[in-house]
Structure formats: C-alpha cells, structure tokens
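Q: this one's structure only:
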C-alpha cells in the first residue's frame, strides 16, 4: 500500500483497497459522461498512489455526492467520501488557485456558510474574485438579473446559526472547508 492510499482510506473511512474494478459505480454515476475519468478510475488512481492525477481530475469537483456509487458497489465503497477528502486537501492547501472548479466549490460553500443558503450574486462575485475572470459571462449575468434570477440582497433564512455550526463541526472533523 502507498502512503496516499493509507491517507485516503483513513480520512474517508472507505475500504479503497477492496475495489476490484467491477465498474458498477461508473455505470450508475450521473456525472460520468461529463468527466475525463470515471468513478472506478478515480479509485484505481488512489489504489496506485497517483495523487497528482487524482487531484487534478475534474471528477473530484463534478461529483454531486448522490451516493449512487456506494449503492451499486458490492464492497459498499462511497467514492464521494473519497473525493470529499481530495477536495478538502486541495482547498486546505490552496493548491489550485484560479482554477474554476475548486474556486466555484469554495465560493458555493462560503455562500452557504454565511447566508444559510446560496446567495447567487454573492457566490458569483466570490467566484470571479477567486478566478480573476471579471467579464466572462457578463451577458448571461445581465440576462439573469433582468429576469429577476439574481437578487441584489441575500434572502433571510431561519437556522443560519445551525448551518454555521454544521460547518464548524465538519471543519473540526476535517471533512469540509469554507
């Protein structure tokens, strides 16, 4: 076993070394068609200790955490839990500054943490700040604003304190950044 595999298994709590590449996880993955690697390939990269390839794979950021992989896996491996460990590692180390997918993820989490739900305009501003692409998508943004899809102020939601507490709990456990 590699140090990286040991790290992933310990941090995610998943028996990665049990994967025998049946590909059932990839067959059911709803984002599989949009990624450069499939779920089973991500697990294999972890098994082989190919950290850089796994960290740079868009699948890490495309995963929606639906747990279909775990449901289909004969060994019960939750690949989204593994990918969450990778996301946390990247964000904690600020290893991909200016990259769109990690920046979007970080902006999304920051918005939910602050407002209790996504405040779209604030999230977009945070994202643009992180990637330094200020005018990209401006036409789309203007259309959304004109149709009332982007509000200037965040909506008040009840339970914001509880949401912040969840973030704190997960941060202490090393499961989430934001």
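A: Noted; the coordinates are in hand. Quantities reported herein were computed from a predicted structural model and do not represent experimental measurements.
Q: give me the phi and psi angles of residue 87.
A: phi -60, psi -50 (degrees, to the nearest 10).
Q: hmm, residue 61 and it touching each other?
A: Yes - the pair residue 87 / residue 61 is scored as a contact, 7.1 Å apart, by CB atoms under 8 Å. C-beta coordinates here come from the backbone N, C-alpha and C atoms, glycine included.
Q: tell me the secondary structure at the residue lying closest to residue 7 once chain neighbours are set aside.
A: Spatial nearest neighbour of residue 7, excluding adjacent residues (CB to CB, 6 or more residues apart in numbering): residue 85 at 8.0 Å. Of the three states, residue 85 takes helix under DSSP: H, G, I helix; E, B strand; the rest coil.
Q: burial count for residue 85?
A: 21 (other CB atoms under 10 Å).
Q: can you check residue 135 too?
A: With other CB under 10 Å as criterion, residue 135 counts 8.
Q: how about it, what does it touch?
A: Listed by CB atoms under 8 Å, 6 or more residues apart in numbering, residue 135 has no contact partners.
Q: what pLDDT does it get?
A: Reading off the confidence values, residue 135 has pLDDT 85.
Q: quick one: the helices in this protein, in order.
A: Ranges of helices within the chain are 3-12, 24-28, 39-47, 51-55, 59-62, 68-72, 79-93, 100-115, 120-131, 138-146, 160-172, based on DSSP state H.
Q: distance check, the most centrally placed residue in the chain against residue 152.
A: The residue lying closest to the centre of the chain (CA atoms, centre = their mean) is residue 61, at 4.4 Å. As judged by CB to CB, to the nearest Å, residue 61 and residue 152 stand 28 Å apart.
Q: tell me the mean pLDDT for stretch 100-111?
A: In the prediction, stretch 100-111 has an average pLDDT of 81.
Q: can you list contacts of it?
A: 58, 60-62, 87, 90-91, 96, 117-120, 122-124, 126-127, 130-131, 133, 167, 176-178.
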